[in-house]
Structure formats: C-alpha cells, structure tokens
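Asks: Curious how this folds, go ahead:
(chains A, B and C)
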Amino acid sequence: MSQQFGKGCHLHLIDGSAFIFRAYHALPPLTRKSDGLPIGAVSGFVNMLQRYIEGNTGPDAATHVAVIFDKGSHTFRNDMYDQYKANRDAMPEDLRPQMPLTREATRAFNIACEEIEGFEADDIIATLSHQARDAGGRVTIVSSDKDLMQLVGGGVEMLDPMKNKRIDDEGVHEKFGVGPNRVVDVQALAGDSVDNVPGAPGIGIKTAALLINEYGDLESLLDRASEIKQPKRRQTLIDHRAQIELSKRLVQLDCEMELPFDLDSLEIKDPDSETLLAFLGEMEFRTVLKRIADRMGVEAPVIADAAPVEIDTPDAVPFDAEKYECVSDITALQTWIDRIYARGYVAVDTETTSLNEMRAQLVGISLCVTPGEACYIPLTHKGGKADDLFGNDDLADGQMGFEDCLNLLTPMLQDPSIVKIGQNMKYDTKIFANLGITVAPIDDTMLMSYAMHGGMHNHGMDLLSEKYLSHTPIPIKPLLGTGKSAITFDRVPVADAVPYAAEDADITLRLWQMFKPKLHTVGVTTVYETLERPLVPVLAQMERNGIKVDRDTLSRMSNAFSQKMASLEADIHEKAGRSFNVGSPKQLGEILFDEMSLPGGKKGKTGAYSTGADILEDLATEHEMPGLVLDWRQLSKLKSTYTDALQDHINADTGRVHTSYSIAGANTGRLASTDPNLQNIPIRSEEGRRIREAFVAGEGKVLVSLDYSQIELRILAHIAGIDALKQAFKDGQDIHAMTASEMFDVPMDEMTPDIRRQAKAINFGVIYGISGFGLARNLRIPRGEAQGFIDRYFERFPGIRAYMDETVQFAKDHGYVQTLFGRKIHTPEINAKGPGAGFAKRGAINAPIQGTAADVIRRAMVRMPEAIADLPAKMLLQVHDELIFEVDEAAADDLITIARDIMENASDPAVKLDVKLAVDAGRGKNWAEAH
DNA sequence: ACGCTCACG
DNA sequence: GACGTACGTGAGCGTA
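Replies: The predicted structure is shown next:
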C-alpha cells in the first residue's frame, strides 16, 4: 500500500488553527451535556473535518494529508520583534480547554496532526509544501490565510474552504497585485494590523504592489528609494527602512525547518472505526456519531449520558393543524418517545384545569420534536355532552391511562440527556413536580426572548409567534368561553383540544430553533445561562414551599379595621355634611372642591379632581376631613388588599400562601410577584407592618430575613466610579449623612435628621434619574431650591453627572443599556420627541443600577439551594433586595452565616465590585420580627 | 377595560 | 420657552 511521496502524489495541508477559530465563532457556545465542558469549537471542527473527508474525491483528492497547528504563543518571531501579534486578544476562556480536544479529534480521524514548539503552523506548512513540491508532487493548502499565499506556485495551490475556491498564481495576483514570489515584499511594505507587523506607515497593499512592480523587488526598491518622485513616499521608505526589513523577516515563512517526520508518514489512512466512534461518543456528538457510523456500516454506540443540542435552521414548514396527532395508546406514545431520544430534545406543553399551578390538575400533554409535527396526549378530559347542564364527570373516550402515560414519559422527562423545551417552563415543571416528576434539563423560549428582547416587548407566546413566526396561534377564548360561563380545559372536547394544544408545542419548538443560535449573536448567552435558565427550578421550589400565614391573625385584624373604618366613615360624612362613598375618588373630589370649596382642586386628564395622598396631606393642615379620609384609605387598603385577600390565598392543602414570580415581567431584571403579590406587604406604617406578624414560621422553626444594605447606591458608586461614596461604604459610614455633610458643609457630628432626610431623597433621586421638579415635589420645597441641591450634588460628585450623560448617550447610540452582568435593557423610546423622551432618559439611567442589583440577587438565588442543601432550611421569598428563609431554630445561625456569604459574594467572579456588598440579617417567629 | 390610588423595593 | 416628570412593580376599587 505504502508509496514513496513523489510525482502523482497530492498533499493536503490543513490550517488547524483557522478551522478552530472559524468553528468557535460560527457556533453558539455548546457544552457537553454530562459535565458542561465547552465543546462548540470541537463540534464545529469535527464537522468541518468530516465534511472535508467526504469531499475528498475527484481529481484534486489527496493522497497525503496533515492538519497543522500552532504550538505555544511564543515563536522565533517574538524574539525578533516583541510586538509581533501583541495586539491579539487573549484566547477566550471557553476555547482554551477545547484546544487539546481538536488534536484528539484529528488523531481520531487517523489524520496526521503536527505542531512544533517555537514555530507557527504556517512555517510547518511552508516547509512541507517545499518538500512536497521538490519531490514532484502537488500541494493544496486548505486555508484562506493570506500569509500563506507566498507559498503558491510550482504545483502548490491554496483552497479557501469557506468559498470552496482554489487559489493559484492568478488568485494571488488578485489579492496582492504581484506574483507569489513577491508577496512577502508587498506584505513587508503594507504591514499587517492583525499580526501587528508594522510595515511602512501610510503604505497599503495597493501602493506596495505598485512600487514592487515598478522596482522589481523590495531590496531594489529600498536601495533606489531616493528615485521615488512622491516626496512623502520617498521619505517614508528612507526613514523606515529598518522597520520594513524587519517586517519582511516577520512575514517570511521558514521553509527549511528540520521536521521530525517525513512526507511519507502523512499518507492517508482509513480511520479506525472504534477509535473514532469512541472519541465522538466521549464528546457526546450524537448526530455526527450516527452519521459516521452509518457511513462506516457499523452500529453507532449508544451515548449513555447525553446528546448535544443540534441546531436546525427553522425551515418554513407551514402550520397545519391537520397534521397534529392525538396520542391515545401506549404504542403511539412509545413511537414519540423514540423520536425524542433520536433527537435529544423535545418541546413540551401541559394543559391543566387552572392557571394557578398549586391548584392545577394535569389534563393533557403536548410534544413536538420537529416543526409541523406535534402531538397532544389527552389524559383527563371529561365526557360532558352539550345537553347535560352539569357536564359528565366520566372521562371522555379515546384517552390513555394517566399512570400509563406518566410511567412512560417520566424517564424521558427526567433524562439529563434530553432537553425539555417550553414556553414559561416554570409553570410546566411545577405541574410535573406536583406529580413527583422532576423535569430537567430545561430550556425556555420566554426567557430566551427576555434575555434578547428585554424592554422591546413582552414575551408571551402569542406575541412571539406573531412577531417571529408570523403565525397567529389558535386562540384559547373560544374553547373556554369567558366570565361566569368559562369552562376548564378538561371540559374542552378532545377534538378541539388537539389542534390548540399541539400547536403550542409546535410554536415553542420553532421559537426555540430560531432563538437558540440568536442568543449568541445578540451576546446574551451568559445572561440566559446564568441569570435566567438556572433560576427556573429555584423559583419553582420557592413557590412550592410557600410561606405559612396565620388566618386567625389576619381575620382579627380585618375585624378591627372594619370597626375603625366604620367610625371614621361616620366622622367623614358628618364633616362633609352628607353621606357619600368615601372610596370613590370622584365623589370625594366633588365634596372637597365643589361643595366644601377647599383650595387646590386640580383636575387630571380625565377631568376628575385629583385626590391622591399628597393632595390630601396638603389639605389636612387646614381642615380635618382630608386627614380622616387618609386614615380611612389606609385601613381600607390594608383590609381589602392584605387582611382579606391574603386569607383567600391560603392553600387549603398546605395552609400556606404560594405566590408566583414572573421572571420575565419587569424590564430591569427584577422579579415580580403575583397571586398574591408578596413583594408589597406593608412595612412603612406601624399599622401596616403588623400584617407581617401573620407571616409565621412553622413549629420549631424561625423565619430568617437577609437583605442587601444600600445595594443600589453601592452599585452606583461602582458604576459611576465615585471615590467619596466608595470610601464612605468602605468605612461603614451612614451614607445619607455623609452625602448631607458633603453637600451642606455640615460636620458629621452636627448632622440633623432633617438635613439627612433631604440628602437621602437626593441619593434616591439620583438613582431614579433626578429632576428638579421631581425632587421638589418629593421634598415639598420650591423647584428652584431643589435644582440648587442637584447642582450642588453634581458639583460635589461630578462622576454622577458623567455617568448619567454617558448612559443616555449609550442608549441613544445602541438602543439599549446594560447591567454589569451584560443584561441588555432596550430603550426604544430614547430618541422620541416630547415628554416620552424624559421617561426614557430616566429609565435608561435607572435600568443599569436597578438591573445590576437584580442580577446580583439572582446570582445569589441560583447558588443558594446547593449552599444550604445540608441545612434544615428552605428559601421562601424574594423581595428585590431581600431573601426570606424558614429554618429549624437550631440551624438559624448557620443559615445566616452561609446565606450571607453567598449573597455578599454573589457578583464574583463575573464582576469585581469596587464596593463590598453588605447584608443585614434578622430572625424571628414571624416576618415582622425577622426583618 | 381603564384610571386612580397605594402597597413595596 | 413650554411641556410634564422622580425608577421599577401588582392589586383592588369605582366608573365607564
């Protein structure tokens, strides 16, 4: 078989580094499912090698081949010129571990793999090219690197693997304007910014080629430089002769290296199927493994643990409800499970009886593995007939057994090698968790959209489908009806449910296929992977934990509020001179400003008098009635929103209140709490604060609250680089007092509460994008005076002004602003005219600060479950800068130590804050005590 | 369905 | 020069 390299032989030399970098940048940062090892570049590299091998036929096919790599970063060129390639970025962190794997991949394909310390791959390629050419063979250099063009000629050609275009003498001429033998001369003059080769200043490839063609070669040109007519060009060449000659030595490839191998050793060999398949299996490259195994005619070994996520281009398969399948028996379901395993991922959607996950019963499941092909598995649809007023509680026909279905699906849902894709997966994972099924790993199209499009629009499925798939989903309203006559999904006939439910999975899969690669393009992969995706199981668990709420406490408070309100109402009516609905702002406004003729009646845009708290407070200094109304309103609020409504949210089974957090609701990255909102439980007023006494710890347990101290001001100090603020935090000073001292020239030991209060308002105002008007209204001082404060503040902390200006400018230039962790918040209104511009500006100033704080606590939350796994503790609630836990009394101190450590260091290692984060802790039998 | 008011960070 | 403004949320109520 073996033949001496010579005439009739054809050597292919592949530029390995170029392959790697192209693979790295072309693909999203894939990771090996089993252990998270980054393997995107390896995957792309393997695919490129495979494609190369498959295409290696015909007249240009190789008889000998080698992949050549760079080894180390220091070469003999650095000894000549220490700035050589000095402007190269450091290798990305996630690429570094992939380098040895690309060598392994090459060897697995049984292709020669060569690298030599101190030399660039290009030198090895040069030497081999010359050897092969001198032996009378052909050479093809698989690379598009122009530095290699000097080697072309005499049977040596290049092949641009991207364009699949061969480059010969003529191609080199096109690129450099000279033949291959003069390429280094042109490069020596033109320099190269990529490799940091200096060349001659002001001379590019065009001019260089012109000069070389005129004078023959570089040496003649430099010797005869004085003959050049253009004075500037002449002077440049004379002045920079040494630099140009150095440049030539830098670009000149070494074609006479001593190589520890010969051409014959590069002869093409068939890969050993066992070695190759073992390598691909180890990398968990399911798809390419299968393809290569098929090609080799052997059976693909089963990848035990996981499969990589493969990215299909979303082809334009039309939506077709007719094609959706209703799965009603085990055989059909097994077929779907087989398809899912062949794919490695599946879009999942659940249909239930309620939007409240804690109460919802599973009604059916939809699956989709490829666009246009989806199924619905109805499980507990009722067989109600239209003429039966109360419906028929018997199960409808044509449904497989609930247990049978789950027994079959559960291994897949829990299989770490199968990605379960959903739109708002927190909902579906909770539904499955209720049945004892832990769905993982997951991907979430809603959160992908949130990471990419935050601030542009919301992220509901209907909108995403409309906007990104140009498809209007089947509406749910006609199926369920509205208002009192609405039915639950289990009452929807199976025939109607199939197209609706299956379509949701179909849409989700298509969105996923579109979004997955786009995450990388938009530059939010890290945001999605560290701040969104891992939060889903954490929040799901917190919500399922719930917090114990004591109904009796609430009920007693409710009664007390009722009595006080009744008495206040009587007083108010008496002062008003007649009876009216105190809860009606419209009636109240008419009483106050028309009938009682109090001053300050201002009508809003709807024509109604404004009766907000600030207006009533102003009136209260002159008259008694507005103050009474304020008291009544406070009680009314506490009663209706808290003591009454909260009781309705106590879950009958758990005796606890289970809120739901929206991860993609707030534009800044904050969470939002709904049903009920547990992020706005009263605390500022004494009466309101007592509501927190109803939030209690279980028997033998305590509630622990940990909250970040002044996190937004600390972040502001860091982002805007305010040394005085940083120092104050470092010294543990009272930050508002310090601000007051700086602004009003009051020594710290003479600080009065009132001056401090004003400084505090200014500090907050800064975070919100301060305006004279806003501060004036907040502090109830004249606008001019407020503006004076602001001017003084900016004078004292000029960095703040600079931060604000820069942030607004950034928003105008880019259409978004960013947090320290890379979360993008889009600001579509920033260039608007009119009052909208003011809102957008202040929003842009506030978003990086509020958003960074939100990112910080998200990071803490993601790390928390593992950190406290060994403690008898549960994380229950998040209130923006506060986390609330329930823990066995004896372990409370340990919990505080551990959780505080996680919270205070949450920004590490991604962001090194100049200001340390501080966390205050409290504990008690109820939330009022703990805070 | 919408605006007002008010609870929180 | 006037305009209208603090940032981010959710819920309950009255009014249309």
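
Asks: quick one: contacts of stretch A:574-586?
Replies: A:569, A:572-573, A:587-588, A:591, A:595-596, A:608-609, A:611, A:623-625, A:628-629, A:632-633, A:636 (Cβ atoms under 8 Å, 6 or more residues apart in numbering). (Each C-beta comes from the backbone N, C-alpha and C, glycine too.)

Asks: just stretch A:149-158 next, same as before
Replies: With Cβ under 8 Å, 6+ apart as the test, stretch A:149-158 has contacts from A:125-126, A:129-130, A:132-133, A:136-144, A:148, A:166-169, A:171-172, A:175-176, A:179-181, A:183-184, A:187, A:251-253, A:255.

Asks: So which of those belong to helices?
Replies: The helices, defined by DSSP state H, take in A:125-126, A:129-130, A:132-133, A:169, A:171-172, A:175-176, A:183-184, A:187, A:251 from these.

Asks: Kindly indicate which of these lies nearest DNA strand C.
Replies: Set against DNA strand C, the nearest of the ones in helices among the contacts of stretch A:149-158 by Cβ to the nearest atom of the strand is A:K175 (51.5 Å).

Asks: hang on, A:I14 is in a strand, isn't it?
Replies: Yes. The assignment for A:I14, made by DSSP: H, G, I helix; E, B strand; the rest coil, places it in a strand.

Asks: ok, the residue in chain A that DNA strand C sits nearest to to A:M748 distance?
Replies: At 2.2 Å from DNA strand C, A:G765 is the closest residue in chain A, using Cβ to the nearest atom of the strand. Computed as Cβ to Cβ, to the nearest Å, the A:G765 to A:M748 distance reads 22 Å.

Asks: now do A:Y708
Replies: 24 Å.

Asks: residues in contact with A:I330?
Replies: A:M400, A:D404, A:L408.

Asks: Closest one of those residues to DNA strand B?
Replies: Of all those, DNA strand B sits closest to A:M400, with 36.8 Å by Cβ to the nearest atom of the strand.

Asks: got a pLDDT number for that closest one?
Replies: Here, the pLDDT recorded for A:M400 equals 97.

Asks: With the one 5 residues further on instead?
Replies: If you check A:C405, the pLDDT there is 98.

Asks: isn't there a strand covering it?
Replies: No. With three-state DSSP as the criterion, A:C405 is assigned helix and is not in a strand.

Asks: from the stretch 51-200 of chain A, which residue is nearest to DNA strand B?
Replies: In the stretch 51-200 of chain A, the residue found nearest to DNA strand B is A:E93; the distance is 33.0 Å by Cβ to the nearest atom of the strand.

Asks: So that residue belongs to a helix, correct?
Replies: No. With three-state DSSP as the criterion, A:E93 is coil rather than part of a helix.

Asks: so how many other residues sit close to it?
Replies: Number of residues near A:E93 (other Cβ atoms under 10 Å) recorded here: 8.

Asks: swap in the one 5 residues further on?
Replies: Each residue near A:Q98 was counted by other Cβ under 10 Å, and the total is 23.

Asks: quick one: it and A:L280, what's the gap?
Replies: A:Q98 is 15 Å from A:L280, where distance means Cβ to Cβ.

Asks: for chain A, what's the longest helix?
Replies: Secondary structure of chain A per DSSP H: the longest helix is helix A:835-867.

Asks: Report the buried residues of it.
Replies: A:840-864, A:867 (16 or more other Cβ atoms under 10 Å).

Asks: Also stretch A:887-896?
Replies: Buried residues in stretch A:887-896 (16+ other Cβ under 10 Å): A:V887, A:D888, A:A891, A:A892, A:D894, A:L895, A:I896.

Asks: interface residues of chain A facing DNA strand B?
Replies: For chain A, the residues in contact with DNA strand B (Cβ under 7 Å from any atom of the strand) are A:585, A:589, A:604-606, A:608, A:610-613, A:616, A:630, A:633-634, A:637-638, A:641, A:679-685, A:688-689, A:850, A:879-882.

Asks: ok, of these, which come out buried?
Replies: Buried members of the residues of chain A next to DNA strand B, counted by 16+ other Cβ under 10 Å: A:585, A:589, A:610-611, A:616, A:630, A:633-634, A:638, A:641, A:679, A:681-682, A:688, A:850, A:879-882.

Asks: so which of the buried residues of helix A:835-867 are also by DNA strand C?
Replies: Intersecting the buried residues of helix A:835-867 with the contacts of DNA strand C gives A:R842, A:G843, A:N846, A:A847, A:Q850 (criterion: Cβ under 7 Å from any atom of the strand).

Asks: one step back: next step: the residues of chain A next to DNA strand B restricted to helices.
Replies: A:P585, A:G589, A:A613, A:L616, A:L630, A:R633, A:Q634, A:K637, A:G688, A:R689, A:Q850.
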